[in-house]
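Visitor: Got a predicted structure here, sequence first:
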Amino acid sequence: MAEQPVRIAPSLLSADFFCLERDIREMERAEADLLHIDVMDGHFVPNITIGPLVVQCLKKQTKLPLDVHLMITDPLFFLEAFLDAGADMITVHRETCSDEQIRHAAESVRARGVLLGVSINPATPLQALRSVLDVADMILMMSVNPGFGGQPFIAAVLPKMRELRAAYTKDISIDGGINAQTAGLARAAGATILVAGSYIFGAQDKRAAVRSLRQCSG
């Protein structure tokens, strides 16, 4: 299989929400490939972030694809709302969904021309994904415990990612602690999408930060 090109997905969790449009324009100028939007409910993870109305506003402001990551207890309840808001990809967590629910989600999003991602937390065994790999358009490997940005990279996810890559030919995304040092490790383990928040938005030169992730993982 030919190596897939890497894509960079800035995580808006680390953006300045007072100047969100400005930060999105910077990501466009930086040649980011998509925007990663973390939706948290204060239940599945100990934080609360944004909802469908914000995603709807973002859709009107940018042509970058919106990858909506549902870190919530009941993702199927909100699925239609995020589809209506304009998500281009919706990622649900394996920890919150049965096989049947994931297959239902896949049917629902594809009927709207949207992709389905399935995510697992660092402590979740890879075996949990086996029965749904055939319906997932992307697998998102969390390399931090979800909930807050700026956490250190958990290297223990890399062997799982290498094992996954041996069995899965579609996109593998990694989210958490991605920077110039860890991007190369993630890429070597099989990642094709790098989600980075504080490394990009905390940089004085955000375009250079995006480029550095491409270069060290290219």
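Guide: Great, that's in hand.

Visitor: Could you use CA atoms for every contact and neighbour count after this?
Guide: Will do.

Visitor: could you point out which element follows the helix or strand encompassing residue 108?
Guide: Taking DSSP states H and E as the criterion, residue 108 maps to helix 99-110. Using DSSP H and E, the helix or strand that follows helix 99-110 towards the C-terminus is strand 115-120.

Visitor: counting contacts, what elements does that next one pack onto?
Guide: In terms of contact count using 3 or more C-alpha pairs under 8 Å, 6 or more residues apart in numbering; DSSP states H and E, strand 115-120 is assigned the packing partners strand 89-93, helix 99-110, strand 138-142.

Visitor: buried residues in the longest one?
Guide: By that I understand helix 99-110. Buried residues in helix 99-110, counting neighbours by 16 or more other C-alpha atoms under 10 Å, are found at 102-103, 105-106, 108-109.

Visitor: What residues sit buried inside the lowest-mean-pLDDT helix or strand in the chain?
Guide: Lowest mean confidence among the helices and strands of the chain (mean pLDDT, DSSP states H and E): helix 206-217, at a mean of 89. For helix 206-217, burial by neighbour count (16+ other C-alpha under 10 Å) applies to 206-207, 209-214, 217.

Visitor: With distance to residue 187 added, can I get these in JSON lines?
Guide: As requested, these are arranged in JSON lines below (distance: C-alpha to C-alpha, whole Å):
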{"residue": "206", "distance to residue 187": "20"}
{"residue": "207", "distance to residue 187": "20"}
{"residue": "209", "distance to residue 187": "16"}
{"residue": "210", "distance to residue 187": "15"}
{"residue": "211", "distance to residue 187": "14"}
{"residue": "212", "distance to residue 187": "13"}
{"residue": "213", "distance to residue 187": "10"}
{"residue": "214", "distance to residue 187": "10"}
{"residue": "217", "distance to residue 187": "5"}
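
Visitor: Going by distance to residue 167, which of those residues wins?
Guide: residue 217 (21.1 Å; C-alpha to C-alpha).

Visitor: rewinding a little: reformat the helices and strands packed on strand 115-120 as JSON lines; add mean pLDDT and distance to residue 173.
Guide: Putting the helices and strands packed on strand 115-120 into JSON lines (pLDDT from 0 to 100; distance: least, C-alpha to C-alpha, whole Å) gives the following:
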{"stretch": "strand 89-93", "mean pLDDT": "98", "distance to residue 173": "11"}
{"stretch": "helix 99-110", "mean pLDDT": "97", "distance to residue 173": "18"}
{"stretch": "strand 138-142", "mean pLDDT": "97", "distance to residue 173": "5"}
